[in-house]
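sequence and predicted structure below; questions after.
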Amino acid sequence: MPLRYGTSTTTTDPGTGGTGGGTGGGIILPVDPASTAGSVGSMVATWTAPDGTVYQLSDPMVGWFTRTEITGWAATTYEITADPNARGGETVRHIRAQPGRLNWPLHIYGDSHMEFVTRERTIKRAFTMTVHRGLPGVLRVARPDGSAREIDAYYEEGFGGNVDEMWRNANPVITLYCPDGYWRDVQPIVEKRAYALATNFFSPFLTITGSNVLGDTVINNPGDVTAWPKWTIVGPATQLAATNVTTGQSFTLTYTLLANEKITITTDRPTVPGPAARTS
């Protein structure tokens, strides 16, 4: 998800150049021109740790903020498998998206050594929690028009400390490992399909109700890559047969569901949790 982020004017590090900053350790950082462009606005980044805590990454007043040298957050890379042809050249057999690695630069500061240490430990724990707990965090980037994208990520490296830092400021460049490689919309698309309620065939006059076959239905994927949907089937039902008429792929679920009982089918890492939360 490419986001244009340039430079124009400069500002003094609020942790070392403002009141109580003293001397030494101050740096001059570029300012996003969009942040001074009135209604144009600028990007806003947040990090959600595995415990659900949300950390602002674009607000200097919290004690750290994102610098401009972000890399690896545009298009993902691909692995192409091909077979050689007898006549020369190759035939592409398979294309697979690779995991992503984002390099996310931060500036962390404090008016005193202990204030800096507290802030550095706080944001470091937010990222390293992913490897300690074995669960991903979520990096989210919002644009000025209100749209936003997010990606699951694990901390890989970057908080090792640099020369002449770690006293009252630091400039770590964090490497985030993103298993999927793709950014996703923060608002999932939800489509609902249901049978019409049955009515008395003779009252108030002759009618025909919906059959037990939903028939063809169109679901649009507005994204750029293949989507892996999650199905939720609400009873009563005894069987669900679904066919993708575009690809020819199909599946059948045979299970007796009472009224309002639910089964969820997850297609990415296929699982089928039933009403009793058992997974098959």
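Now that the structure is in, tell me what you want to look at. Residues are numbered from 1 along each chain as shown.

just grab the bridge partners of the most centrally placed residue in the chain for me.
Nearest residue to the geometric centre of the chain (Cα atoms, centre = their mean): residue 151, 2.3 Å. With DSSP bridges as the criterion, the beta-bridge partners of residue 151 are residue 139.

I'd say it and residue 100 touch.
Yes. Contact criterion Cβ atoms under 8 Å: residue 151 and residue 100 qualify, at 7.2 Å. C-beta here means a position set from N, CA and C on the backbone, and glycine is covered the same way.

which residues are common contacts for these two?
178, 180, 182 (Cβ atoms under 8 Å, 6 or more residues apart in numbering).

secondary structure and distance to residue 84 for the residues you listed - can I get that in JSON lines?
What follows is those, written out as JSON lines (DSSP: H, G, I helix; E, B strand; the rest coil; distance: Cβ to Cβ, whole Å):
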{"residue": "178", "secondary structure": "strand", "distance to residue 84": "32"}
{"residue": "180", "secondary structure": "coil", "distance to residue 84": "31"}
{"residue": "182", "secondary structure": "coil", "distance to residue 84": "30"}
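
of those residues, closest to residue 82?
Nearest to residue 82 among the shared contacts of residue 151 and residue 100 is residue 182, at 22.7 Å by Cβ to Cβ.

for that closest one, which non-adjacent residue is closest in space?
Nearest residue to residue 182, sequence neighbours excluded (Cβ to Cβ, 6 or more residues apart in numbering): residue 225, at 5.6 Å.

look up which helix or strand the one you found falls in, please.
Following DSSP states H and E, there is no helix or strand that holds residue 225.

so it sits against residue 95, correct?
No. Applying Cβ under 8 Å, one finds residue 225 not in contact with residue 95, separated by 11.2 Å.

the two: which has the busier surroundings?
Counted by other Cβ atoms under 10 Å, residue 225 and residue 95 do not tie: residue 225 has more neighbours, with 13 against 10.

measure that one to residue 249 for me?
17 Å (Cβ to Cβ, to the nearest Å).

out of the shared contacts of residue 151 and residue 100, which is most surrounded?
residue 178 (22 neighbours).

which residues does the spatially closest residue to that one that is not a sequence neighbour contact?
Distances taken as Cβ to Cβ, 6+ apart place residue 100 nearest to residue 178, at 3.9 Å, with adjacent residues excluded. Neighbouring residues of residue 100 by Cβ under 8 Å, 6+ apart: 72-73, 76-77, 151, 177-178, 180-182.

show me the shaky parts of the stretch 1-150 of the chain.
1-41 (pLDDT under 70).

dump the shared contacts of residue 151 and residue 100 to JSON lines, plus pLDDT and distance to residue 123.
Putting the shared contacts of residue 151 and residue 100 into JSON lines (pLDDT from 0 to 100; distance: Cβ to Cβ, whole Å) gives the following:
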{"residue": "178", "pLDDT": "96", "distance to residue 123": "19"}
{"residue": "180", "pLDDT": "89", "distance to residue 123": "24"}
{"residue": "182", "pLDDT": "90", "distance to residue 123": "26"}
